[in-house]
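**Q** curious how this folds, go ahead:
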Amino acid sequence: MPMHAEHDRAPTQPAGGPRLTVWLALSACLVAGCAATGAPTSTSDSQLTRIVDELSRVLPGRYSRVQDRDSAPSPGELVVSTEQLEDSDGLLALLTQQTSEGTRRFLVEIDGQLGPDRLGGTFAPVDASGHSRQRCAMTFHLRTGGLVGRTDPDQCRFGSEESQTALLKEVAFDGRRIVVGDRVIRVADGELAVPQQIAAFYRSRQFQGRAALREGGSWRQAAPFALDTTAVRITPRDAAAMSLGIELELAFYRTNEAPGHDILLRLSAFDGDTGELVGRAWSAADSVYIGITLPRLQVVLRH
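**A** Coordinates of the predicted model:
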């Protein structure tokens, strides 16, 4: 597996930050009969039912956070569960976002049609006790291959009058990835209350691995291990449960925010004592194999 050095840097983002749809290329067709990429798609009641049925089928599951090239790895996962509403053609989705900063949960509901290319619904944050105490209207814009939901910050307000904030929440889905964006604005002066946050998640994958470290004239084998794409490091150990002295990390990696740039799979090996990067390899996000081959280290992962 070829090794690559990371010397080039991605273009700097505009100061205001990108909208989700700037770089999220919607690729999985949720609406039958779609034509040109990016074009609005009209819906009927039967199409709405079909969209909800398809989302119920493809949306649930685990998604790993996609790492940015210009920042340190930030392990994270998004878990999505759905249920269809009994009293309508709508859909209710619970999204649980787990990162190093903690766990956040929110409900997204699609419950009706607003126009030819728009669906209505709601967004509701869920507190630690499992309750949603406030809801905001969310409009879902259908595009060829997926949909983007947004709240209206003029209507989605939180807090007391003196310290009230407005929330622009965006959620985009294209069949394989979910992008969640948050822009919290102080109502008093229109400035951001906290830095804008955008996190991309790609459907999680788990690999079975083998590793070996050369010591003297022989190779010390690690016991078989599992490694998933959440960027959480593991330490391979031999049959006697002794560490091989390395740590492995597997993550999805985004080289550029512009549309058309693929998400890659990145395998990294680090010295277990110093944390120094020992080796790194890239492959396509849907690869079956990825590995690192060095004079003193061999790692092979298979999905």
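**Q** how many neighbours does Gln196 have?
**A** Applying other Cβ atoms under 10 Å, we find 15 residues neighbouring Gln196. Every C-beta, even on glycine, is put in place using the N, C-alpha and C of the backbone.
**Q** same check, this time on Trp219
**A** Neighbours of Trp219 using other Cβ under 10 Å come to 13.
**Q** where along the stretch 101-250 of the chain do the strands fall?
**A** 102-115, 118-126, 136-143, 146-151, 157-158, 165-173, 177-186, 197-203, 206-215, 218-221, 225-228, 246-254 (DSSP state E, counting those that start in this stretch).
**Q** any chance of the ones you listed in JSON lines, plus distance to Ala269 and mean pLDDT?
**A** As requested, the strands of the stretch 101-250 of the chain are exported to JSON lines (distance: least, Cβ to Cβ, whole Å; pLDDT from 0 to 100):
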{"stretch": "strand 102-115", "distance to Ala269": "29", "mean pLDDT": "89"}
{"stretch": "strand 118-126", "distance to Ala269": "38", "mean pLDDT": "94"}
{"stretch": "strand 136-143", "distance to Ala269": "40", "mean pLDDT": "92"}
{"stretch": "strand 146-151", "distance to Ala269": "35", "mean pLDDT": "92"}
{"stretch": "strand 157-158", "distance to Ala269": "44", "mean pLDDT": "94"}
{"stretch": "strand 165-173", "distance to Ala269": "33", "mean pLDDT": "95"}
{"stretch": "strand 177-186", "distance to Ala269": "26", "mean pLDDT": "94"}
{"stretch": "strand 197-203", "distance to Ala269": "22", "mean pLDDT": "91"}
{"stretch": "strand 206-215", "distance to Ala269": "8", "mean pLDDT": "98"}
{"stretch": "strand 218-221", "distance to Ala269": "15", "mean pLDDT": "96"}
{"stretch": "strand 225-228", "distance to Ala269": "11", "mean pLDDT": "98"}
{"stretch": "strand 246-254", "distance to Ala269": "5", "mean pLDDT": "95"}
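**Q** ok, which of the ones you listed comes nearest Ala240?
**A** Shortest distance between Ala240 and the strands of the stretch 101-250 of the chain, using Cβ to Cβ, is found for strand 218-221: 9.9 Å.
**Q** local confidence estimate at His261?
**A** We have a pLDDT of 58 for His261.
**Q** kindly reformat the strands of the stretch 101-250 of the chain as CSV containing distance to Ser283.
**A** Output for those, formatted as CSV (distance: least, Cβ to Cβ, whole Å):
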stretch, distance to Ser283
strand 102-115, 30
strand 118-126, 36
strand 136-143, 29
strand 146-151, 25
strand 157-158, 42
strand 165-173, 24
strand 177-186, 17
strand 197-203, 14
strand 206-215, 11
strand 218-221, 23
strand 225-228, 14
strand 246-254, 10
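**Q** closest one to Leu277 among the ones you listed?
**A** strand 246-254 (9.8 Å).
**Q** for the following helix or strand past the closest one, buried residues please.
**A** As assigned by DSSP states H and E, the chain's next helix or strand after strand 246-254 is strand 263-271. In terms of neighbour count (16 or more other Cβ atoms under 10 Å), strand 263-271 has its buried residues at Ile263, Leu264, Leu265, Arg266, Leu267, Ser268, Ala269, Phe270.
**Q** number of nearby residues for the closest residue to Pro75 other than its chain neighbours?
**A** Excluding its sequence neighbours, the residue lying closest to Pro75 (Cβ to Cβ, 6 or more residues apart in numbering) is Ala231, at 4.3 Å. Ala231 has 23 neighbours, counted by other Cβ under 10 Å.
**Q** which ones are touching Ala231?
**A** Contacts of Ala231 were listed using Cβ atoms under 8 Å, 6 or more residues apart in numbering, and they are Ser64, Arg65, Gln67, Pro73, Ser74, Pro75, Gly76, Glu249, Leu250, Ala251.
**Q** again with Val180
**A** If you count contacts by Cβ under 8 Å, 6+ apart, then Val180 has Leu78, Leu95, Gln97, Lys169, Glu170, Val171, Ile198, Ala199, Phe201 around it.
**Q** rerun at 7 Å
**A** Gln97, Val171, Ala199 (Cβ atoms under 7 Å, 6 or more residues apart in numbering).
**Q** next one: Phe140
**A** Ile110, Arg118, Leu119, Gly121, Leu147, Val148, Gly149.
**Q** which non-adjacent residue is nearest the fourth one?
**A** Spatial nearest neighbour of Gly121, chain neighbours left out: Ile110 (4.3 Å); criterion: Cβ to Cβ, 6+ apart.
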